[in-house]
Structure formats: structure tokens, C-alpha cells
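Asks: I'd like to go over a predicted model; first the sequence, then the structure.
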Amino acid sequence: MKKMMTNWSGAKGLLMIVRRSLGQHALSTIITALSISLGSGLVMAVFSIKSQTYQAFTGGQAGFDAVLGARGSQLQLVLNTVFHLETSPGNIPWAMYRQIKQDPRVKLAIPYAVGDNYQGFRIVGTTREIFTEFEYQQGRKFQAQPGGRFFNADSSTKDSANVTESPHEAVIGSYVSQATGLRAGSTFNPYHGLIYDERQRHRDRYTVVGVLEATNSPSDRVIWIPIEGVYRMSGHVLRGAGETFRAAEGEEIPDEHKEVSAVMLKLRDPQSGFQLDQTINKQGKVATLAWPIGRVMAELFDKLGWMNRVLALVAYLVIAVAAGSILASVYNTINERRREFAILRALGARRATVFSVIVIEAALIALIGATGGYAVYAAILAATKIIVKAQTGVELNVWQIDSILWLTPLLMVAVGTLAGLIPAFKAYRTDVAEHLAPTS
Amino acid sequence: MPVLEISSLKKSFVAPDGARSLVIDVPRFTLEAGEQVALAGASGSGKTTLLHLIAGILAPDSGRVVVAGEEMTALSEAGRDRLRARTIGYVFQTFNLLQGYTALENVMLGQMFGGGADSRRVRELLARVGLSGRLNYRPRQLSVGQQQRVAVARALANRPKLVLADEPTGNLDRRRAREALGLIREVCGENRAALLLVSHDQDALSQFDRVVSLGDVNRALYAGTANEKAIGFSATGGARVK
């Protein structure tokens, strides 16, 4: 019992010494802890963003299994159609859309025609099925915000897209609404191309009939219009039949002139994807099937594998610098504290006590820094979240549990503790008699 | 049983030129419980070294130091630390208070490494030395005399059986030195702690009934001198050999 009491009071004494020491060297403690916070927060943020970005782009949240498009890069097809980034690799004829739509292996086929923008937000011509059939996540379809609706024009139930009913209606994503101020009832003129250039204004005027509820997906950045609207946009020419064709007002557009940038596909089963891949990619020569979308995007990240190695190297360096800063900070205090250690030893403190004080100090600085790292992490991720959302529509989750969020602080504390061993050893070796001067 | 028993204690140091010089050579010295003895010696005569050997801060080349029945010289360094924390109180010439700590904390540290923290006793001790109103003052906020009193309270915090005082009045003027010394002696007496004080200050030495010349104890200073020749000082300063 007495021994327990002694140990307890020794521990209390030890903590009192640590607390006082940190207080006495408050400035260097704060600066060192801040540098560790920055390092820890940076490492956590970089790896968390990387991991979340990977999940967002490869995690099958696209809502489609495959994309059919012009012969070319599968990655470009996916980026263009699913993530609304990049340019279209080219167009495919309307007939190909009809053919794939009627394929029994295909559950859902939605045409995608792109080529215009409004204030940089791309305008996508499609069918009403995008709202009524498409699930951007399992069981979740687009919803119009109260007071709005989807556009009426619908070619999906007919054999052709020649529906002239309300071709100048638009449904916009939630982010588009926030960024442009467009609301249900607003009107706008599209601009030609995917990059906003005010000289490229189309004379067609569109009316926003609905704003979609936020989906935290790239679709939040899209303006949806009936595909008929794309064909009839002033200045647009169709080359579906190889020759140029301009749609005249009130005149039906023959199917052979129509074309689409891509077709978004939902397949019946993975086997269908395998078969279509064989037919279209391996044996065919006119089109490309990007399937499965997650794999296509994963290949992109694989190509960027060197970046992961660079990031890991930077992380190791940051951790090493943090350890160095703890070492320097604590080590520099040892010489001025030798007398203090000698006094403590004269009062009965053991070498191990003095050693422990320094190691605990180093560990505590690292712990304070690592804890502060969460604030840095949250700040970086909050800023990144806004940027990524603005650029891609993908929503990052600042507080998503990731192993890096406990691994980094743990590593920081471990490395900080290890860094404390060197000054601790120096303190351990303090010669009591020598530093209790003066002698008589 | 003596609180302190020294026999055949030797300590030498190696000089920068490589020569080994014997600094301490004490054949025998004892101190009984409650006894208060002043050890007189000039500067550089090895007084501090002797106290460090008694406290187990330094290890001797040979010989024995027994404190409160436990042989200090037979213990490991950690064992010596434990014994020192439990049984010895130390008052330094420069007080050696820890600057970043309050008076209360300085005194508490005096007992934390020994028998456990007892803040009531610490407060009582500080009140006893007249510092109940200065518990949370840092050393630099205290006068020199007050710092000395904190040092005395700290030395007694762990209820030591032996208090070692190394020139405890060296930094004080005569009046304060007398006050401080009186306080040390009083408080040691109240706590039944044996006191071994080393000093070269005649005024301080004159307050002790029993004064021992270090030269008579330490044969290294005067080779061949008889062992343990106790010298007392009369009230007028005249020496008498017991």
C-alpha cells in the first residue's frame, strides 16, 4: 500500500514537473506543437482527400454501369459522360442508340448530347428517362425542388426524338442554381462550346422549369434540356448521316441525321457487360464501350500511382520534420535545465524520473500537436470540399472515418516520443554533484 | 543507533593533469538522532563533497555510509535515490529552489519522491516558517530570506531523520543568517531530525554547541591527524577540545 502511495505521489510529481516545464517553455512548446499540427493535418488531409476522391470516382456512385460512345478513349468517355468533365471524343449515330436501347442485355439506355454551356456549366441534351428511370444511387432518383418540375419533352417512349413539345425547357442541378442564380421560371441563353465564351451565345432562349434537389454528385453541375433542343439549337449542324444537316423550325429531323455524344447504360447483369465489351470493343470498330465505369476510373488512379508514392514520401518527410522539431525544441532546453534536474535528483528523483519527464514532455507536445492537427485537417478538407464540389460536383465528407485519421496522430505521438529519447538520455546523464554548484 | 555512521570513507578525484588526489578520507564519524553538529571548514576543503557522499549523490571510492540503519554505500544508484528521498533533507547554500514552481510546489517536490504527497503538512511547514501568505509565490517573487525559509521547509517536508545543510547562510547578511540558522535548528529540533551543517562562517558556527573541524574528521586535509577530534566553540569563540 505504501509503495502504491509512493508510486502515485511520484507520478503526480512527474506530471507536475512536466506541466511546469511545458509552461516555462510555452512559446517553443506552442510553436513546436503548431508545426506538428500543420504536419499532421496536412498528412491526414492529403491522404483522406486522395482516398475520398478515389472512392467518389471509382465507387460505382455514377448510377450507370457502362457508357457507349465514339471509338476512342474509355476514360474520356467516362469523364465526359459520368463526371461531366473533359470533352466528348466524338458522336455516334442515333441508330446506334436505338440499337443498344433495344438490346435485351440493356436495362436502361439514356442518350447524352453535349456541346453547349451556360456560364461554364454544361448543357446536356437527354430524355425524360434521366428523371423518371435513372437512379443516381441505388433507390434514389432525381427530385425536383418544390415549385419545379421536369421538362415535358420526351423521346424515350417514341421511336424518334422528334418531339417538339417544349424543347426549350431546362432542368438545372442544385449547384448550377446556387452558382448562377437561376431558379424555376428563370430564362437563359445557352453558349456554344463547353467553355464559357460570351461571344458564342445562341439566340435560343430556355426556361428553367425545375431545380433538382442536391445529389452531391456531378449531376448537380449539369443543365438538362431535351435532346431535341440540342438538335435545334441555332448554329448546330447534325452529321449523323455523314453530310451536314440543319434542322428547320417546325420540320421533323430524320433519324439518320441525328447523333449523340454517348449513351449511358444500365445493364441487366455483369455478364451482359462482358458480352457487350467483347462485341463492341474487341470485335467492333465503330464504337467504344466504357465498362465497368469503376474499373475505367481505377485505371486512371493506377496511372497516377507515382503520385501516391510522392505523397507518401512527403508524408514521411513531414513526420520526420515534426520529429526533428520536437527533438530540437526539447534538446535546446536540456542545458538550461541541468541544474533543475540536479536539484530534483538531490531531492530524491531517480534518473529514470528525469528521463521520463523529458520523454513525456516530448510525447505531450506531439499529442497536443496531433490533436491540433484535426483542426488543420478539418480546415483543409472544408476548403477542398468547396473546391472539389465546385469543380466536379462530388461532395467530400470531412468527417468520414478513415484509418489515416487515427494512424497519423498515433504515428506523430510515437515519433515524438522517440524523438524525446535523445534529449531524455542527455538529461538522464546529468551529473548531480557537478550541477549543484557552488561547492564549498 | 546513530542516524549517521561513516567509516573508512574515501573519495578521490582525477585532476585535469591526470593526477589522482584524495579529497575525502574520513575514518569514522557518527551523528545521533536529534543531534545538531556544525562541521567547520574553509572553502574548498571538501565539505560539499562529504555531504554529497553522505546523501548518496556521489559514490565513494571505498568505505561505508550508514543512514538511519541502511547502508547507503551498498545500494545501487536508484536505491540511494530512494533512501535519500525518504530519510535526508538537504538545504543548499544557494537554496536551489526551482524557479518555475511556487513555494508550495517547491516544498511538495521535497516529499513527492519519498513518502508521498501530504499537502497539509507542506502548508503547515510553510506556515511554521512564516510563509502561509506566500504559498503561490514563485522564488523570484520572494525575498532572499523568504527563499531560504522555503528551502528549509522543503528539506523537512519528507520528515527526514537527517538534515544536511551546506553553507545555508552563505548568501545572507549577518542578521538574516542568524534568523535562518535559528529557524533551521528550531524546526529540526521540533521534527527530531539530526542536523549536520557545514560552514566556514564563524558566526554561524558559534551558534552550535558542537562544532567539528573538518580537518580533524577528514584525514585527507591533514594527513596523520587523529580521527574524530571534536572541537567546540565557546560563546566567546574560543575553541575547546572534547
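Replies: Yes, it's here.

Asks: got the contact list for the residue of the stretch 251-400 of chain A found nearest chain B?
Replies: In the stretch 251-400 of chain A, no residue comes nearer to chain B than A:G348, which is 2.3 Å away by C-beta to the nearest C-beta. From N, CA and C alone the C-beta is placed, and that goes for glycine too. Each residue near A:G348 by C-beta atoms under 8 Å, 6 or more residues apart in numbering or on different chains is listed here: B:D81, B:R82, B:R84, B:A85, B:R86, B:F113, B:G114, B:N158.

Asks: Look at it and give its secondary structure.
Replies: For A:G348, the assignment made with DSSP: H, G, I helix; E, B strand; the rest coil gives coil.

Asks: Would you mind giving the dihedral angles phi and psi of it?
Replies: Torsion angles at A:G348 (phi, psi; degrees, to the nearest 10) stand at phi 110, psi 0.

Asks: Tell me the spacing between it and B:R80.
Replies: To B:R80, A:G348 is 9 Å away according to C-beta to C-beta, to the nearest Å.

Asks: Next: B:G41.
Replies: Taking C-beta to C-beta as the measure, B:G41 and B:R80 are separated by 24 Å.

Asks: Looks to me like A:A113 is in a strand.
Replies: Yes: membership of A:A113 in a strand is supported by three-state DSSP.

Asks: Wait, it touches A:V124, no?
Replies: Yes: contact status for A:A113 versus A:V124: in contact at 7.0 Å, counting by C-beta atoms under 8 Å.

Asks: The two: which is more packed in?
Replies: Between A:A113 and A:V124, counted using other C-beta atoms under 10 Å in any protein chain shown, the more crowded position is A:A113 (28 against 24).

Asks: May I have the beta-bridge partners of that one?
Replies: A:G125 (DSSP bridges).

Asks: Tell me which residues touch it, please.
Replies: A:N91, A:V124, A:G125, A:T126, A:I227, A:V230, A:Y231, A:E259, A:V260, A:S261.

Asks: In strands only, show me those.
Replies: With DSSP state E as the criterion, strands contain A:V124, A:G125, A:T126, A:E259, A:V260 from among those.

Asks: quick one: secondary structure of residue 152?
Replies: I went with chain A, as the question did not name one. Here A:N152 is coil, with the state taken from three-state DSSP.

Asks: ah, I was thinking of chain B
Replies: Judged by three-state DSSP, the three-state class of B:V152 is helix.

Asks: my guess is it meets B:L183, correct?
Replies: Yes: assessed by C-beta under 8 Å, B:V152 is found in contact with B:L183 at 5.9 Å.

Asks: And the strands in the stretch 1-150 of chain A?
Replies: In the stretch 1-150 of chain A, the strands defined using DSSP state E, counting those that start in this stretch lie at A:66-70, A:92-93, A:106-118, A:121-126, A:135-137, A:140-141.

Asks: between the ones you listed, which one is nearest to B:L125?
Replies: Minimum separation from B:L125 across the strands of the stretch 1-150 of chain A (C-beta to C-beta) falls at strand A:135-137, 71.9 Å.

Asks: Any stretches of chain B with poor pLDDT?
Replies: Scanning chain B with the threshold set as pLDDT under 70 gives B:115, B:221-242.

Asks: again, but for the stretch 51-200 of chain A
Replies: In the predicted model of the stretch 51-200 of chain A, residues A:59-62, A:153-166 satisfy pLDDT under 70.

Asks: what's around A:R221, how many residues?
Replies: The criterion is other C-beta under 10 Å. On that basis, A:R221 has 24 neighbouring residues.

Asks: before we move on, what about A:H84?
Replies: Applying other C-beta under 10 Å, we find 22 other residues in the vicinity of A:H84.

Asks: contacting residues around the nearest residue to it once chain neighbours are set aside?
Replies: Nearest residue to A:H84, sequence neighbours excluded (C-beta to C-beta, 6 or more residues apart in numbering or on different chains): A:P218, at 4.9 Å. Residues counted as contacts of A:P218 (C-beta under 8 Å, 6+ apart) are A:V82, A:F83, A:H84, A:L85, A:T392, A:G393, A:V394.

Asks: now B:N171
Replies: When contacts are counted by C-beta under 8 Å, 6+ apart, B:N171 touches B:Q93, B:T94, B:F95, B:V144, B:Q148.

Asks: make it 7 Å
Replies: Shown here is B:N171, whose contacts under the criterion C-beta atoms under 7 Å, 6 or more residues apart in numbering or on different chains are B:Q93, B:T94, B:V144.

Asks: tell me the SS of the first one?
Replies: Think B:Q93. Of the three states, B:Q93 takes coil according to three-state DSSP.

Asks: Check which residues of the strand or helix carrying B:I6 are buried.
Replies: The secondary structure element spanning B:I6 is strand B:4-14 (assigned by DSSP states H and E). When neighbours are counted by 16 or more other C-beta atoms under 10 Å in any protein chain shown, the buried residues of strand B:4-14 are found to be B:L4, B:E5, B:I6, B:L9, B:K10, B:K11, B:S12.

Asks: just those residues now: which is nearest chain A?
Replies: B:K11 (10.6 Å).

Asks: Tell me which residues touch the closest one, please.
Replies: Taking C-beta under 7 Å, 6+ apart, we find B:K11 in contact with B:V23, B:I24, B:T49, B:L53, B:L58, B:P60, B:D61.

Asks: If any of those are buried, put those into a ChimeraX selection.
Replies: A single ChimeraX command selects the buried members of those (16+ other C-beta under 10 Å):
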select /B:23,24,49,53,58,60
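
Asks: Report the two of the contacts of B:K11 separated the most.
Replies: Considering C-beta to C-beta, no two members of these lie farther apart than B:T49 and B:D61, which are separated by 11.7 Å.

Asks: in chain A, which spans are helices?
Replies: Using DSSP state H, the helices found in chain A span residues A:2-24, A:26-58, A:74-81, A:94-102, A:129-132, A:174-180, A:227-232, A:270-276, A:293-303, A:305-346, A:351-392, A:404-428, A:432-435.

Asks: and the residue of chain B found nearest chain A, helix, strand or coil?
Replies: Of chain B, the residue with the smallest distance to chain A, taken as C-beta to the nearest C-beta, is B:A85 at 2.3 Å. In terms of secondary structure, B:A85 is helix; the call rests on three-state DSSP.

Asks: That one reaches B:F113, doesn't it?
Replies: Yes: the pair formed by B:A85 and B:F113 meets the contact definition of C-beta atoms under 7 Å, at 4.1 Å.

Asks: Could you point out which of the strands of the stretch 1-150 of chain A sits nearest A:I293?
Replies: strand A:66-70 (6.7 Å).

Asks: Between helix A:74-81 and that closest one, find me the angle.
Replies: Here strand A:66-70 runs at an angle of 100 degrees relative to helix A:74-81 (axes from the mean of the first three to the mean of the last three C-alpha atoms, to 10 degrees).
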